[in-house]
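S.K.: the following block contains a protein sequence and its predicted model.
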Amino acid sequence: MIHPLPSGTRDVLPDEMRELQAITGALRATFERHGYGEVRTPAIEYEEVLRRGGTGPAPAYRVFDDHGEVLALRSDMTVPIARVAATRYATAEPPLRFCYVAHAYRAVRPHRGQMREFLQAGIELLGAPGAQGTAEALTVLCAALDAVGLQTARVGLGSAAVYPSLLGTYDVPEPVRPRLLAALAGQDFVALEDTVRGLPLPAEAVDELVRVPQLRGGAEVLDDDAVSGPVADAARGLRRTLDLLDPRVAARMIVDLGLARGFGYYTGAVFEVYDPELGAPIGGGGRYDDLAGRFGRDLPAVGFALGVDALHLALAGEGR
């Protein structure tokens with residue numbers, strides 16, 4: 001007799017569970033060693049609270065409580081922790097350092113192998129502005145990868161401010177901007193170029209809107225002869241971040257000015273973790289300097305989340 005599971009979910013049996021617990025144990029120890037305290041928030045929140053995060057993955061499940069309020073399962077931990085920082089730590093001296101190991105839920109297409117329910121481990125650093133805070137998050141991220149034994153992973157580093165700045169500078173019509181940002185988030189450069197070339201813009205604007213998001217490589221991508229104008233400020237911020245990193249951490253960075261995370265709360269540097277064993281990012285994060293302010297306390301912030309199941313698959317592929 002077959003008893004189906006909800007789509008996008010799975011059972012985890014003892015042998016795999018032991019391996020997953022070894023991974024989460026190594027991650028927890030790394031986060032704690034860097035001064036991050038573990039928090040737990042409700043899996044379910046008022047949908048209005050989650051919407052303060054702006055655009056992002058749609059909730060996988062919605063329910064009504066006995067008062068008719070709409071609730072939803074969280075799609076990540078960043079928004080709930082921003083709520084915690086602004087409300088439960090309203091007068092605490094920053095910076096605030098939190099970590100977590102928790103399930104999140106997103107509306108996806110399970111027939112493509114994506115999960116609706118997945119386990120994440122990550123950190124949130126609130127009250128540490130600019131390059132210094134970003135460098136700390138990237139340092140903890142690379143320490144976490146080392147702790148679980150994932151030596152081949154690399155980190156793509158970009159800025160969520162780059163393309164919106166270009167769109168504003170070149171007066172791209174407002175109705176078209178979401179389509180271009182969606183194409184960028186999906187790394188669909190063909191759709192992006194087709195859309196840009198169909199706009200009534202000067203040739204210089206078209207060339208920059210197509211060229212800049214495809215700049216990818218080492219620190220030389222940020223040189224003055226490669227980027228200028230509206231991209232220069234973001235490039236300077238990324239250069240400052242790279243300069244603050246330990247050389248072993250900096251060596252894992254791949255500058256990618258077309259990187260977009262698809263979450264509405266990112267404001268500056270963004271990053272994703274890649275491993276040759278997987279065709280999708282293992283995790284990622286970035287700066288969200290405006291999010292805590294939506295809950296009542298302005299705090300610059302940065303964080304990241306790693307997919308525990310994705311880490312497990314990458315480690316299995318490397319034979320560890």
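M.R.: Thanks, I have it.
S.K.: contacts only, for the nearest residue to Pro129 once chain neighbours are set aside.
M.R.: In space, and not counting its chain neighbours, Pro129 is closest to Pro300: 4.0 Å by Cβ to Cβ, 6 or more residues apart in numbering. (C-beta placed from N, C-alpha, C; glycine too.) Residues near Pro300 by Cβ atoms under 8 Å, 6 or more residues apart in numbering: 126-130, 133, 287, 289.
S.K.: over to Leu119?
M.R.: 20, 24, 101-103, 307-309.
S.K.: for it, grab phi and psi.
M.R.: phi -100, psi 130 (degrees, to the nearest 10).
S.K.: per-residue pLDDT of it, please?
M.R.: What the model reports for Leu119 is a pLDDT of 97.
S.K.: Ser228: how many residues sit nearby?
M.R.: As a burial measure, Ser228 scores 11 neighbours (other Cβ atoms under 10 Å).
S.K.: measure it to Leu96 for me?
M.R.: Ser228 is 36 Å from Leu96, where distance means Cβ to Cβ, to the nearest Å.
S.K.: ok, the residue most central in space within the chain to Gln21 distance?
M.R.: By Cα atoms, centre = their mean, the chain has its centre lying nearest to Gly285, at 2.8 Å. Separation of Gly285 from Gln21 (Cβ to Cβ): 23 Å.
S.K.: likewise Pro300?
M.R.: Separation of Pro300 from Gln21 (Cβ to Cβ): 34 Å.
S.K.: element containing the residue nearest to the centre of the chain?
M.R.: Taking DSSP states H and E as the criterion, Gly285 maps to strand 283-287.
S.K.: can you give the strand pairings for that strand, parallel or anti for each?
M.R.: Strand pairing for strand 283-287, determined by DSSP bridges: strand 269-274 (antiparallel), strand 301-307 (antiparallel).
S.K.: re earlier: okay, the contacts of Leu119 in TSV with distance to Asp188 and neighbour count next?
M.R.: Formatted as TSV, those follow (distance: Cβ to Cβ, whole Å; neighbours: other Cβ atoms under 10 Å):
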residue	distance to Asp188	neighbour count
Leu20	33	17
Thr24	34	16
Val101	33	21
Ala102	31	20
His103	29	13
Gly307	22	23
Val308	28	23
Asp309	26	17
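S.K.: need those in CSV (columns: secondary structure, distance to Leu245 and pLDDT).
M.R.: Formatted as CSV, these follow (DSSP: H, G, I helix; E, B strand; the rest coil; distance: Cβ to Cβ, whole Å; pLDDT from 0 to 100):
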residue, secondary structure, distance to Leu245, pLDDT
Leu20, helix, 29, 97
Thr24, helix, 26, 98
Val101, strand, 25, 98
Ala102, strand, 28, 98
His103, strand, 31, 97
Gly307, strand, 23, 97
Val308, helix, 25, 97
Asp309, helix, 28, 95
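S.K.: between the residues you listed, which sits nearest Leu141?
M.R.: Of all those, Leu141 sits closest to Gly307, with 13.0 Å by Cβ to Cβ.
S.K.: shouldn't Pro196 be within a strand?
M.R.: Actually, residue 196 is Val rather than Pro. No. Counting by DSSP: H, G, I helix; E, B strand; the rest coil, Val196 is not found in a strand; it is helix.
S.K.: what sits closest to Leu209 if chain neighbours are left out?
M.R.: Distances taken as Cβ to Cβ, 6+ apart put Val196 closest to Leu209, at 4.7 Å, once the chain neighbours are dropped.
S.K.: as a check, name the ranges of all strands in this structure.
M.R.: Ranges of strands in the chain, per DSSP state E, are 37-38, 44-46, 62-64, 70-73, 96-105, 117-126, 154-159, 216-217, 253-256, 269-274, 283-287, 301-307.
S.K.: got CSV for the strands paired with strand 283-287, with distance to Arg240 too?
M.R.: Shown next, in CSV, are the strands paired with strand 283-287 (distance: least, Cβ to Cβ, whole Å):
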stretch, distance to Arg240
strand 269-274, 10
strand 301-307, 14
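S.K.: of the ones you listed, give the one that comes closest to Tyr36.
M.R.: Judging the strands paired with strand 283-287 by Cβ to Cβ, what sits closest to Tyr36 is strand 301-307, at 10.0 Å.
S.K.: which residues sit against the closest one?
M.R.: So strand 301-307 is in contact with 27, 76-78, 81-82, 85, 118-128, 133-134, 136-137, 140-141, 144, 269, 271, 273, 282-289, 291-292, going by Cβ under 8 Å, 6+ apart.
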